[in-house]
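Novice: show me how the following folds:
(chains A and B)
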Amino acid sequence: MDQQIWGVFMNVLELKNISKRYGAIQALDSVSLAIAPGEVVGLMGDNGAGKSTLVKVIAGNFAPTSGDILISDKKVAFNKPLDAQKAGIEVVYQDLAICNNLSAASNVFLGREPTRRIGPIKVVDYAFMRSKSAELFARLKSETRPRDLVHKMSGGQRQAVAIARTLLSDAKIVLMDEPTAAISVRQVAEVLNLIRQLSDQGIAVVLISHRMPDVFEVADKVVVLRRGELVADKKASQSSPEEITGLITGAIEHA
Amino acid sequence: MATPTLAEVINRSQHHGLIARITSQQIFWVFMAAVFACLALTILTDSFATERNLFNVTRNFAFVGIIALGMTAVIASGGIDLSVGSTLVISAMTVSVIMSAGMPFWLGCIAALGISLLVGAVNGVLIAYAKMPPFVVTLGMLSVARSLAMVLSDNKMIYEFGPDHDFLLWLGGGSTLGLPHPLIIMVILACLTAFAFRHLRWGQHLFAIGGNENAAVLTGIPVARIKVSVYMFSALMAGITGVLEVGWLGGVTTNLGQAMELTVIAAAVIGGANLAGGGGTAFGAVVGALLIEVIRNSLILLGISTFWQGTFVGSFIVIAVAFDRFRQRKS
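Specialist: Numbers count the residues shown, from 1 in each chain, chains lettered A, B, ... in the order given. Okay, the predicted model is just below:
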């Protein structure tokens, strides 16, 4: 792909010594991490290791106590989630933030419905919504149909709807919180495929998951947090589920 | 299998034929029930298909139908509005008091609708910003608004409406081309509501809030503002009905619209509004109101005591919700 552009922005996201304290609790302790465009990063750790705190810092839910966030090598400060969204960071929430009573197309455009004018009135442009979301589903190689109601869809298709929403805004990084936690084996394969599609389009994915096989199936890099500290940051191909398990539990100190 | 083109994918949908699509709608069956009831009454009684009776039925049904449009919006957004009957009476009292003091109709009408919108705004702000349950807020308003109507009128009947007396009676009680005015106004409002539900972002957002409020918040929909507007919309519909009903009755007392909220909720729910939020149509509200009114009228014509009306209306709500639950479990 565009080597030149990628050459300039080596990292789409870089965290430098990010710390977050809640009173006496050190939720994150000097975490540094760099993510390249299109890279899939598996973020692992036990409950309370600081995964969701880290994700919330990146997504702009709250500011770190200290440390810097760089997007495409530029320092940024997020005061609210909208700031992060404008910088190209999208979050796919665990419950997907989807309305079952609306069509797939309406869900993709939820809160940003395009309108066209009829005289003085602005009406929702359904035709554009349908064709654009069909295009996005095609990009994701998903068979989701824009006009279908979401409540009749499989878990994988629902994920496609939530992910198509991130494509709509030209995201650079998509944060996914346990996307494979509550769905069937076949649907897991579908979701992992969606993640690969995002990566192929140069979008970096941070995958928060407890499921070791899923992470090793799709991640380029595995990052492990333990008690707020980053204890591993390695290529998935150079690691193993056994090593990562050891790192999560503390049986292995550092990698 | 050949890979489908983009256009094919877009046009594909889960619906199969037009007939399958229509018969899968609850409102189709409700509509059929209403038609069947009308036919049965025409055959069974001499009095149903008379001009006089039909005129009364259509007007009564229009009053319920107009408020049911607002109620459908509230229910579709995941709320409930128990204060519509009281909003109706405070609007009716406002227009009556102002007109009987010798002021023109337009002034009374604007004041009545303004008061109604204020009632809705108070409901909406308490629900959306103070995050109080809609049931509690609107139940309180049910009491407050009716009591204020009593204060306003000193609980007296008003039947003299000043210089525009005849206009008011014509507006609510008259007809054009054989159609009662409330019916004409209901049809216009139903079309506007249907358009707003389907084609405005407001409609999309209110259905999104009813479907999954958390998702609406996360995707940046101005949830609180939309909720306030929805309760104001409901109150406005009740307010319009209040003005029309004064004109029809030619007089107003403070017990106008008492227990009307239940009839209206029944109409909305029978018409397919989902009490869990996220579903409902303007057409459904109208058809639901029609069925309720036809049944109510039939009870009278068949000589059944009016004491039974509450039993029917209450049972209808429960049956409609039970029917919905049953359908959901099946799918």
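
Novice: give me the phi and psi for A:Val76.
Specialist: Backbone geometry at A:Val76, expressed as degrees, to the nearest 10, gives phi -130, psi 160.

Novice: hmm, I was thinking of A:Asn17
Specialist: According to degrees, to the nearest 10, A:Asn17 has phi 50, psi 50.

Novice: what separates it from B:Val286, distance-wise?
Specialist: A:Asn17 is 64 Å from B:Val286, where distance means Cβ to Cβ, to the nearest Å. C-beta coordinates here come from the backbone N, C-alpha and C atoms, glycine included.

Novice: so for those two, which residue has more residues nearby?
Specialist: B:Val286 (27 against 13; other Cβ atoms under 10 Å in any protein chain shown).

Novice: these two touch, right, that one and B:Ala68?
Specialist: Yes: the criterion here is Cβ atoms under 8 Å, and B:Val286 meets it with B:Ala68 at 7.2 Å.

Novice: mind listing the shared neighbours of the two?
Specialist: Common neighbours of B:Val286 and B:Ala68 (criterion: Cβ atoms under 8 Å, 6 or more residues apart in numbering or on different chains): B:Gly271.

Novice: so where does the residue nearest to the spatial centre of chain A fall, helix or strand?
Specialist: Nearest to the geometric centre of chain A sits A:Leu175, at 1.7 Å (Cα atoms, centre = their mean). In the assignment (DSSP states H and E), A:Leu175 maps to strand A:173-177.

Novice: name the helices or strands packed onto that strand?
Specialist: Packing partners of strand A:173-177 (3 or more Cβ pairs under 8 Å, 6 or more residues apart in numbering or on different chains; DSSP states H and E): helix A:51-58, strand A:89-92, strand A:204-208.

Novice: gap between A:Leu82 and A:Ile69?
Specialist: In terms of Cβ to Cβ, A:Leu82 sits 15 Å off from A:Ile69.

Novice: contacts only, for B:Leu302.
Specialist: B:44-45.

Novice: now the closest residue in space to A:Thr53 that isn't next to it in sequence, what's its secondary structure?
Specialist: Spatial nearest neighbour of A:Thr53, chain neighbours left out: A:Ala27 (4.4 Å); criterion: Cβ to Cβ, 6 or more residues apart in numbering or on different chains. Judged by DSSP: H, G, I helix; E, B strand; the rest coil, the three-state class of A:Ala27 is strand.

Novice: what about the closest residue to chain B within the stretch 151-255 of chain A, distance to A:Glu217?
Specialist: Minimum separation of the stretch 151-255 of chain A from chain B (Cβ to the nearest Cβ) falls at A:Lys152, amounting to 6.2 Å. Distance check for A:Lys152 against A:Glu217: by Cβ to Cβ, it reads 28 Å.

Novice: who has more neighbours, the two?
Specialist: Using other Cβ under 10 Å, the more surrounded residue of A:Lys152 and A:Glu217 is A:Glu217, with 17 against 11.

Novice: how much space between the more buried one and A:Glu190?
Specialist: Distance, A:Glu217 to A:Glu190, by Cβ to Cβ: 12 Å.

Novice: same question, B:Thr241
Specialist: For B:Thr241, the distance to A:Glu190 - Cβ to Cβ - is 51 Å.

Novice: which one of those two is surrounded by more residues?
Specialist: B:Thr241 (34 against 21).

Novice: and chain A, is the helix or strand that contains that one touching that?
Specialist: Assigned by DSSP H and E, B:Thr241 belongs to helix B:223-249. No: between helix B:223-249 and chain A, judged by Cβ under 8 Å from any Cβ of the partner chain, nothing touches; the nearest distance is 10.0 Å.

Novice: buried set for that helix?
Specialist: Residues B:223-224, B:226-248 are the ones in helix B:223-249 that count as buried (16 or more other Cβ atoms under 10 Å in any protein chain shown).

Novice: and that helix, what does it pack onto?
Specialist: helix B:51-76, helix B:84-100, helix B:105-128, helix B:165-173, helix B:181-199, helix B:201-211, helix B:213-218.

Novice: the strand holding A:Leu175 pairs with which strands, and in what direction?
Specialist: strand A:89-92 (parallel), strand A:204-208 (parallel) (DSSP bridges).

Novice: can you tell me which residues in the stretch 1-150 of chain A are near chain B?
Specialist: A:82, A:93, A:95-102, A:106, A:110-113, A:115, A:121-124, A:130-131, A:134-135, A:137-138, A:145-149.

Novice: excluding covalently adjacent residues, which one is nearest to B:Ser298?
Specialist: B:Leu41 (5.2 Å).

Novice: which residues touch the one you found?
Specialist: By Cβ under 8 Å, 6+ apart, the neighbours of B:Leu41 are B:48-49, B:294, B:297-298, B:301.

Novice: over to A:Val40?
Specialist: A:195-196, A:199, A:204-205, A:207, A:218-221.

Novice: same thing but 7 Å
Specialist: A:195, A:199, A:205, A:207, A:218-220 (Cβ atoms under 7 Å, 6 or more residues apart in numbering or on different chains).

Novice: neighbour-wise, which one of those leads?
Specialist: Neighbour counts for those peak at A:Val205, which has 28 neighbours (criterion: other Cβ under 10 Å).

Novice: so what pLDDT did that one get?
Specialist: For A:Val205, the pLDDT comes out at 92.

Novice: kindly report the same for the one 4 residues further on.
Specialist: Reading off the per-residue confidence, A:Ser209 sits at a pLDDT of 85.

Novice: repeat for the one 3 residues further on
Specialist: Reading off the per-residue confidence, A:Met212 sits at a pLDDT of 85.

Novice: same check on B:Val269?
Specialist: B:Val269 carries a pLDDT value of 89.

Novice: helix or strand for it, which one?
Specialist: Using DSSP H and E, the element containing B:Val269 is helix B:260-270.

Novice: chain center to that helix: distance?
Specialist: Distance of helix B:260-270 from its chain centroid, counting by Cα atoms, centre = their mean, to the nearest Å, is 7 Å.
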